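> The sequence isn't on hand, but the structure is:
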């Protein structure tokens, strides 16, 4: 089993590695070491992200995909989130996110029953947080467009 960290920012001007220290501290506090890090400057609204798919191609069954927030993994539309989730499930990769405490139990579940229960809860919570991340993206875009319209109307 390998633990792989995914660090993403939307643009090259942003710091994709800003969460590295938090991910390293989390790994150390849970008794594992991050085997590799995948850093990407691509929008979370786009499914086509080379480093994310490089990470998934490197994964084997039981590997962990570690992110600091579910929004780093997805701000995708529902259809694209389902495509990504199906690829993750097909590879039997476990997603652990610092902002999703239920996922922490996937690191080393004590038995098969517990692993299955937390996997089910985690899958539901990932879907919810992915939807919230997309809604946040859509809301910010709408507010930005409203602000531009107001500024233009005011002659700015």
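Perfect, I can see it now. Because the structure is predicted, anything quoted here is derived from the model rather than measured. Numbers count the residues shown, from 1 in each chain.
> What separation is there between the nearest residue to residue 61 once chain neighbours are set aside and residue 153?
Nearest residue to residue 61, sequence neighbours excluded (Cβ to Cβ, 6 or more residues apart in numbering): residue 92, at 3.7 Å. Quick note: C-beta positions are derived from backbone N, CA and C, even for glycine. Counting by Cβ to Cβ, to the nearest Å, the gap from residue 92 to residue 153 is 53 Å.
> quick one, which of these two is more surrounded?
residue 92 (11 against 8; other Cβ atoms under 10 Å).
> Doesn't the more buried one belong to a helix?
No. Counting by DSSP: H, G, I helix; E, B strand; the rest coil, residue 92 is not part of a helix but coil.
> mind checking the backbone torsions on it?
phi 60, psi 40 (degrees, to the nearest 10).
> Residue numbering should commence at 875 henceforth.
Got it, first residue is 875 now, which makes that one residue 966.
> what sits against it?
For residue 966, the contacting residues are 934-936, by Cβ atoms under 8 Å, 6 or more residues apart in numbering.
> give me that answer again for 10 Å
933-937 (Cβ atoms under 10 Å, 6 or more residues apart in numbering).
> And it, what's its pLDDT?
At residue 966, the pLDDT value in this model is 94.
> before we move on, the earlier item: narrow the contacts of residue 966 to just the buried residues.
The neighbour count (16 or more other Cβ atoms under 10 Å) marks 933, 937 as buried among those.
> Kindly reformat the contacts of residue 966 as TSV containing secondary structure and distance to residue 972.
Putting those into TSV (DSSP: H, G, I helix; E, B strand; the rest coil; distance: Cβ to Cβ, whole Å) gives the following:
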residue	secondary structure	distance to residue 972
933	coil	19
934	coil	23
935	coil	23
936	coil	20
937	coil	17
